[in-house]
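S.K.: sharing a sequence plus its predicted fold:
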Amino acid sequence: MSSAKDIVPRMDGFSRTVSNSLSLSTSPTFTFHSPPSSFGGPKISSTKQLKPFDTKDIKVLLLENVNQTGQDILREQGYQVEFLKSSLPEDQLIEKIRDVHVIGIRSKTKLTERVLREAKNLIVIGCFCIGTNQVDLQYAARQGIAVFNSPFSNSRSVAELVIGEIIALARQLGDRSNELHNGTWNKVSKGCWEIRGKTLGIIGYGHIGSQLSVLAEAMGMSVIYYDVVNLMALGTARQVATLGDLLAGADFVTLHVPESPETKNMIGAKQLEQMKEGSYLINASRGSVVDIPALINAMKGGKIAGAALDVYPNEPAGNGFYFSNELNSWTEELRKLKNIILTPHIGGSTEEAQSAIGVEVSHALVRYVNEGATLGAVNMPEVNLRSLTLDEPNHVRVIYIHRNVPGVLGRVNAILGNHNVDKQMTDSRGEVAYLMADISDVKEAEIKDLWQSLEELSSRIRTRVLY
Ligand SMILES: NC(=O)c1ccc[n+]([C@@H]2O[C@H](COP(=O)([O-])OP(=O)(O)OC[C@H]3O[C@@H](n4cnc5c(N)ncnc54)[C@H](O)[C@@H]3O)[C@@H](O)[C@H]2O)c1
Ligand SMILES: O=C(O)[C@H](O)COP(=O)(O)O
């Protein structure tokens, strides 16, 4: 990573500059600087305070089979990385999260307020996926915990899956294949169509929806889309004014919206009724967006000729048997339907996407841990300073995450003003503000006082001093 300066954060909010080594696997030793308290959490014990700093003090928990690329980047920093293939039940997650500074998850791990309340050492969360609905973003921000994701590294993979599904549904490929697997030759053309000339209706024209639009047009489809935001159409696609217009005009309807209160059961009995007779529905967004019992009824009645589902309510933590009626009462009925493709949330599961996500999110985590940069954070203002000068003597970087209330900057600058402020940037997002300042002329013996003074301000959420 080009920007990675050799700064190793300490669990207590202090950091120590390490000379000439980006890869810290050799466990350098450091002069001890007695920290007064931990980051934003309760006071840490004096035994812990006396532990000499080492990069191996940074504890990272990676859940849900995060790609090797991501693991490697974090291990190269010297961090302690614990890797698990699946997600964890809430009680086990709470036990583990208490101890770590960094957690990496994908779409299954729910980082709720209840879980995050226990995460006293946590400074940053990496979602190694697009969706961040599984994290209580606002609560995390109020605790000074930054959240990063990978906003588009798997978009193409999802778009390609949907293209495959459109053709597979139009030709009833799943059924023909299953029949022949079971020994039955069933050569039919009734109800099987070309997709050329048909209309694709895209709900949510963001990264995935717009990518899909281009691919679908290249195969001769017409594209209409519905989005809450006015968005530029790609190719000859056309934005429609209402969800009803989209449902009434499309032969294939595909969903690419985030999980939110507005998108919960966005497609239910009423919306399915508005769709064209014999049309198709594809959901690779989130399981909460489609009312599955309503879809089952619409398919049984013949209104919907086929469907593809990649996402479900109550998805399991890891691989294994899923379809049990105990989890969802509709599972048996769903499995019996004809021309329905059921996939286990694999939209973003390609080698290309997972490898790119591993790199992108791990780099963001390292930049945040080592330098405090929040570029790309989804719950914090984006703050970064041009370059670090910590290799020069008496330079420190101060990061002060605080409540966005009047008068804070004046108080902070009164503290920083005892030194020479080389650069400073501050920004706010909702209730939380983030200040970064590079300061020179700070003697090592003064660092503790500087930190302590900022910690004592009533607006403080978390203070870090990197040096
Ligand atoms: N199946 C998978 O493996 C997989 C992979 C990646 C993403 N996803 C899901 O797909 C979703 C979309 O991904 P993206 O990268 O395209 O997101 P995006 O943020 O780029 O686009 C989402 C679009 O939906 C629109 N939108 C939001 N609420 C809406 C509403 N109520 N009605 C209409 N439009 C609305 C937004 O304005 C935006 O244009 C993600 O949030 C994620 O949940 C699933
Ligand atoms: O949000 C996402 O990127 C997708 O839903 C994929 O999630 P996953 O990484 O858990 O497969």
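M.R.: It's in. Ligands and ions are numbered 1, 2, ... in the order given.
S.K.: and the protein, which residues reach ligand 2?
M.R.: 106-108, 129-131, 154, 345, 347-349 (Cβ under 6 Å from any ligand atom). For glycine as for every other residue, the C-beta is placed from the backbone atoms N, C-alpha and C.
S.K.: any regions of the protein where pLDDT drops low?
M.R.: The model of the chain has pLDDT under 70 over residues 1-54, 388, 390.
S.K.: ok so, going back, now flag whichever of the residues of the chain next to ligand 2 is closest to ligand 1.
M.R.: Ranked by distance to ligand 1 (Cβ to the nearest ligand atom), the residues of the chain next to ligand 2 are led by Gly347 at 2.6 Å.
S.K.: ok, now which ones touch that closest one?
M.R.: Shown in contact with Gly347 (Cβ atoms under 8 Å, 6 or more residues apart in numbering): 154, 157-158, 161-162, 284, 310-311.
S.K.: one step back: out of the residues of the chain next to ligand 2, which touch ligand 1?
M.R.: When contact is defined as Cβ under 6 Å from any ligand atom, the residues of the chain next to ligand 2 meet ligand 1 at 130-131, 154, 345, 347-348.
S.K.: any idea which of the residues you listed is closest to Leu466?
M.R.: Taking Cβ to Cβ as the measure, Leu466 lies nearest Ile130 of those, at 30.0 Å.
S.K.: these two touch, right, the closest one and Arg156?
M.R.: No - the pair Ile130 / Arg156 is not scored as a contact, 11.7 Å apart, by Cβ atoms under 8 Å.
S.K.: more neighbours: which of the two?
M.R.: Ile130 (24 against 19; other Cβ atoms under 10 Å).
S.K.: the more buried one: helix or strand, and which one exactly?
M.R.: Secondary structure from DSSP states H and E places Ile130 outside every helix and strand.
S.K.: any idea where the strands of the stretch 251-400 of the chain begin and end?
M.R.: Secondary structure of the stretch 251-400 of the chain, counting by DSSP state E, counting those that start in this stretch: strands at 252-255, 279-283, 304-309, 340-342, 396-403.
S.K.: still on that earlier bit, make JSON lines out of the ones next to ligand 1 among the residues of the chain next to ligand 2 and add distance to Ser440.
M.R.: Below are those laid out as JSON lines (distance: Cβ to Cβ, whole Å):
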{"residue": "Ile130", "distance to Ser440": "40"}
{"residue": "Gly131", "distance to Ser440": "42"}
{"residue": "Asn154", "distance to Ser440": "43"}
{"residue": "His345", "distance to Ser440": "50"}
{"residue": "Gly347", "distance to Ser440": "49"}
{"residue": "Gly348", "distance to Ser440": "45"}
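S.K.: pick the one among these closest to Met219.
M.R.: The nearest member of these to Met219, counting by Cβ to Cβ, is Gly347 at 18.9 Å.
S.K.: next one: phi and psi at that closest one?
M.R.: The phi and psi values for Gly347, taken as degrees, to the nearest 10, are phi -50, psi -40.
S.K.: how close does it sit to Leu409?
M.R.: 44 Å (Cβ to Cβ, to the nearest Å).
S.K.: now what about the helix or strand Gly126 falls within, what contacts it?
M.R.: Assigning secondary structure by DSSP H and E places Gly126 in strand 124-127. For strand 124-127, contacts defined as Cβ under 8 Å, 6+ apart pick out 70, 101-107, 111, 134-135, 140, 145-150, 361-362, 364-365, 368-369, 378.
S.K.: just the buried residues of these.
M.R.: Among these, those classed as buried by 16 or more other Cβ atoms under 10 Å are 70, 101-107, 111, 134-135, 140, 145-150, 361-362, 364-365, 368-369, 378.
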